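Chemist: give me the fold of what follows.
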Amino acid sequence: MRTLADLYYHMLQDVLHAEKQALKLLPKLARKVSNDELKTMLAHDREAIAARIGAVEEGFEALGKRAKTVPCEAMKGLVDEAEEVLEDADETALDAGVLAAVQAIKHYEITRFGTLSSWAMQTGQNAAQAQFQTCADACRKMDEDLTRLAEADVNVDADAAESENVDTKGGKAVTTKSKVKSSAKA
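Modeler: Residues are numbered from 1 along each chain as shown. Model prediction:
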């Protein structure tokens, strides 16, 4: 990769792979979470990822290149962390863990689509630049919505459920696992 155009083309390949990994992950996450609003947000993000994949594919078309992928190790790491949450988190903390994992993915997408937007502009790909900026803005909006949900509901529910399950035995606090499920506040 010797030029900005080369970097741009490589990043298109990387982001295409990243978005395809995220698209596969979301249904797994949505099946496990109990918070209805989080479940809805994950379903909407699945649709948004499909649109972002379309934007990346159009970026390839604008370059006159075939859409192909290169392995995105960063997203693989984020997906692995999310799957670890699914395997290891107690029910009381699962939604909070999934939400945090999705936010990490959003942060990655914000930086990548922001970079693609900038590089598209620099390489004269104005239509792609606008699309990638729209993608970055949508990811930023979802991150803000996730933060709001975490602070107002999911993290509060996880903390309350854990607090309810602390017993004292012999003067020592003992946390017991709970089967309490979180739900969106009406």
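Chemist: distance of Lys28 relative to Phe113?
Modeler: Noted for Lys28: a distance of 23 Å to Phe113, by CB to CB, to the nearest Å. Yep, even glycine has a C-beta here, placed from its N, CA and C like the rest.
Chemist: let me know the pLDDT of Glu91.
Modeler: Note for Glu91: predicted pLDDT of 82.
Chemist: ok, back up a step: of Lys28 and Phe113, who's got more company?
Modeler: A count of neighbours by other CB atoms under 10 Å puts Phe113 above the other of Lys28 and Phe113, at 26 against 14.
Chemist: helices and strands around the helix or strand hosting the more buried one, which ones?
Modeler: Following DSSP states H and E, one finds Phe113 within helix 91-122. Applying 3 or more CB pairs under 8 Å, 6 or more residues apart in numbering; DSSP states H and E, one finds that helix 91-122 contacts helix 4-32, helix 36-63, helix 73-88, helix 126-149, helix 155-164.
Chemist: export those helices to CSV and tack on mean pLDDT and distance to Ala96?
Modeler: Converted to CSV, the helices and strands packed on helix 91-122 look like this (pLDDT from 0 to 100; distance: least, CB to CB, whole Å):
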stretch, mean pLDDT, distance to Ala96
helix 4-32, 97, 12
helix 36-63, 97, 10
helix 73-88, 97, 9
helix 126-149, 97, 10
helix 155-164, 71, 4
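Chemist: can you add distance to Ile105 and give those helices back as CSV?
Modeler: Formatted as CSV, the helices and strands packed on helix 91-122 follow (distance: least, CB to CB, whole Å):
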stretch, distance to Ile105
helix 4-32, 6
helix 36-63, 9
helix 73-88, 5
helix 126-149, 9
helix 155-164, 18
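Chemist: cool, thanks, signing off.
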